[in-house]
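Asker: When you get a sec, could you give me coordinates for this:
(2 chains)
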There are 2 protein chains.
Amino acid sequence: MKEYLHILKIGGNVIGNEITLTSVLNTFSKKEGKKIIVHGGGKKATFLAEKLGVSSVFVEGRRITDEASLEIAVMVYAGWYNKKIVAQCHTMGMSALGLSGTDVNAILSEKRPVNPIDFGWVGDPKKVNVSALNQFLKDNLNLVFCAITHDGHGQLLNTNADTIASTLGSAFAPFYEVNLTYCLELPGVLKDISDEQSVIDSLDFNAYQKGRELGYFHAGMIPKLENAFKAIENGVAKVIICGPDSFPANGGTHIFK
Amino acid sequence: MKEYLHILKIGGNVIGNEITLTSVLNTFSKKEGKKIIVHGGGKKATFLAEKLGVSSVFVEGRRITDEASLEIAVMVYAGWYNKKIVAQCHTMGMSALGLSGTDVNAILSEKRPVNPIDFGWVGDPKKVNVSALNQFLKDNLNLVFCAITHDGHGQLLNTNADTIASTLGSAFAPFYEVNLTYCLELPGVLKDISDEQSVIDSLDFNAYQKGRELGYFHAGMIPKLENAFKAIENGVAKVIICGPDSFPANGGTHIFK
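Answerer: Purely as a prediction, here's the structure:
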């Protein structure tokens, strides 16, 4: 069997709570195999934007990134949270390297077309520098990715962290037994958003499509599920969407083809 | 002869000017051998602190770093400037990896003692992870260091960028022919701070000590010179303090034992 590569995407609300974050990182540090953490840090960026008088606009759950918002995103994601998490990893015996998509040209993105919606400085990943990143993994480095990429022409781009996790999972699927976990504030994908007990144990693409037609899933969950199914489609061995409490036990929602 | 390692420290005022920064990076990209860039970003941090209502206090030219100031420093140095410079390096054919001292435990620091002055969350470098960094250099990565380190216990520390450049130079001196350049807004070390024509071509430690006693050097230059002499003492082959205009021609002030 191929070696395990565990990819953990940590949601903004998990990062925002120091006790929860420490607990999740601690559990993750004990996994055997290679490890990649992907994080955003949305709430703090919104908070900082407010303090600086930069207005945050969201369309379909995604932030519109003007020049000022990009600067804030880079500062918060690539700066504060990335280095905080890397420093914390070292205290747990994980030798960690913080990365954005521009470092070693790790994730080259394309600025999203301005039609139908101009999202501003937002990028969609096009190419992963698998050989450079795999060299880091082989050197036993644990990678900590923030949700910033670049276009190769000097422009940084705000990028969806769920997409980065899925993209990295897909890129490494030929080489590793990839386990991809989306850890968010909810205990998993819910049948009823108002009822945290209504976690769907497993979800396949057919059921997802039917559920989506029936309006089962709330706006924020849909891009996450799309990314999850894309990863499975691309050969990722296991995808789980779960909360911080069910993360250690591999609870939450298992995604199947 | 050993292979060249060029270390370039870029000062805050050089970083703050896009045209100057591009010109300096472009010249640097053409140097043969391994390359490390070290940067701070002081002016932007001060500006952001003002906008956020965080007061900046300086003692002996060094910032007092409270919790809020540390967060700003990490955001600006490790976030915005580090990723901007890395992205720009890629456009010049330099495959770049942005680092802080916490990444791969690159530079382990000790929080500065609170006596005689409590500088807050400020660290003095104690140990460089030479083997991990050298592996990156051997993989033909150009390293871009921001002036943030850590204490190994999860605490990030604001660290003088000149000291980081000198510390890296000293650490690599046994393995490379290290050329260390401090590129600042002035054309070099000046005899008379009000006269930019008064550049001292070369300065040895004796002359420096005498000049210091006579009050020749302004407050900001003294820690830089101390770092420069420390690097030379530790085996760095060549240390130059110069402005962006004299950087290509290796003008400025040459430092000797």
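Asker: Now do A:Gly152 against B:Asp195, distance only.
Answerer: Note on A:Gly152: its distance to B:Asp195, by CB to CB, to the nearest Å, is 44 Å. Where you see a C-beta, it was placed from the backbone N, CA and C, and this is true even at glycine.
Asker: out of these two, which sits in the busier spot?
Answerer: Taking neighbours as other CB atoms under 10 Å in any protein chain shown, A:Gly152 and B:Asp195 compare with A:Gly152 leading, 17 against 9.
Asker: Nearest residue to the more buried one in space, please, no chain neighbours.
Answerer: If the residues on either side of it in the chain are set aside, A:Gly152 comes closest to A:Leu108, at 5.4 Å by CB to CB, 6 or more residues apart in numbering or on different chains.
Asker: tell me the secondary structure for that neighbour?
Answerer: Under DSSP: H, G, I helix; E, B strand; the rest coil, the three-state class of A:Leu108 is strand.
Asker: Pull the number of nearby residues for it.
Answerer: By other CB under 10 Å, the residues close to A:Leu108 number 19.
Asker: That one touches A:Leu157, doesn't it?
Answerer: No. Applying CB atoms under 8 Å, one finds A:Leu108 not in contact with A:Leu157, separated by 9.7 Å.
Asker: Could you check the pLDDT of the residue nearest to A:Gly152?
Answerer: For A:Leu108, the pLDDT comes out at 98.
Asker: circling back to that earlier point, what touches both of A:Leu108 and A:Leu157?
Answerer: Both A:Leu108 and A:Leu157 are in contact with A:101, A:149-151, where contact means CB atoms under 8 Å, 6 or more residues apart in numbering or on different chains.
Asker: quick one, what contacts A:Pro248?
Answerer: Counted by CB under 8 Å, 6+ apart, A:Pro248 has contacts A:Thr27.
Asker: How about A:Ile7?
Answerer: A:35-38, A:165, A:168-169, A:172, A:178-181.
Asker: And for A:Val239?
Answerer: Under the criterion of CB under 8 Å, 6+ apart, the neighbours of A:Val239 are A:169, A:180-182, A:228, A:231-232, A:254-255.
Asker: Do me a favour and get the backbone dihedrals for it.
Answerer: With angles defined as degrees, to the nearest 10, A:Val239 sits at phi -130, psi 130.
Asker: Skipping its backbone neighbours, what lies nearest it in space?
Answerer: That would be A:Ile255: by CB to CB, 6+ apart, it lies 4.0 Å from A:Val239.
Asker: I'd say that neighbour and A:Phe229 touch.
Answerer: Yes. Using CB under 8 Å, A:Ile255 is in contact with A:Phe229, at 6.5 Å.
Asker: okay, these two: which has more neighbours?
Answerer: Counted by other CB under 10 Å, A:Ile255 and A:Phe229 do not tie: A:Ile255 has more neighbours, with 26 against 20.
Asker: Please identify which helix or strand holds the more buried one.
Answerer: Here A:Ile255 sits within strand A:253-256, counting by DSSP states H and E.
Asker: tell me what that strand is packed against?
Answerer: Secondary-structure packing of strand A:253-256 (3 or more CB pairs under 8 Å, 6 or more residues apart in numbering or on different chains; DSSP states H and E): strand A:202-204, helix A:221-233, strand A:238-242.
Asker: Distance to A:Val74 added to the ones you listed, as CSV?
Answerer: Formatted as CSV, the helices and strands packed on strand A:253-256 follow (distance: least, CB to CB, whole Å):
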stretch, distance to A:Val74
strand A:202-204, 34
helix A:221-233, 21
strand A:238-242, 27
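Asker: re the thing from before, return the closest of the contacts of A:Ile7 with respect to A:Lys83.
Answerer: Nearest to A:Lys83 out of the contacts of A:Ile7 is A:Ile37 (CB to CB; 12.8 Å).
Asker: just checking, the closest one touches A:Ile85?
Answerer: Yes. A:Ile37 is within contact range of A:Ile85, at 6.5 Å (criterion: CB under 8 Å).
Asker: shared neighbours of the two, which are they?
Answerer: Residues touching both A:Ile37 and A:Ile85 by CB under 8 Å, 6+ apart: A:25, A:96, A:144.
Asker: now these: which count as buried?
Answerer: Buried members of those, counted by 16 or more other CB atoms under 10 Å in any protein chain shown: A:25, A:96, A:144.
Asker: In the stretch 151-257 of chain A, which residue sits nearest chain B?
Answerer: A:Gly154 (4.6 Å; CB to the nearest CB).
Asker: mind checking the SS state of that residue?
Answerer: The three-state label given to A:Gly154 by three-state DSSP is coil.
Asker: For it, which residues are in contact?
Answerer: Applying CB under 8 Å, 6+ apart to A:Gly154 gives the contacts B:87-88, B:90-91.
Asker: In helices, which of these fall?
Answerer: Using DSSP state H, the members of those that fall within helices are B:87-88, B:90-91.
Asker: Let me see the contact set for the closest residue to chain B within the stretch 51-200 of chain A.
Answerer: Closest to chain B within the stretch 51-200 of chain A is A:Gly79: 2.3 Å, counting by CB to the nearest CB. A:Gly79 is in contact with B:74-80, B:82, counting by CB under 8 Å, 6+ apart.
Asker: isn't there a helix covering it?
Answerer: Yes. Counting by three-state DSSP, A:Gly79 is found in a helix.
Asker: Next one: it from B:Glu71, what distance?
Answerer: For A:Gly79, the distance to B:Glu71 - CB to CB - is 9 Å.
Asker: Chain B contacts on chain A?
Answerer: A:51-52, A:71, A:74-80, A:82-84, A:86-88, A:90-91, A:95-98, A:100, A:102-105, A:132, A:135, A:139, A:141, A:148, A:150, A:152-156 (CB under 8 Å from any CB of the partner chain).
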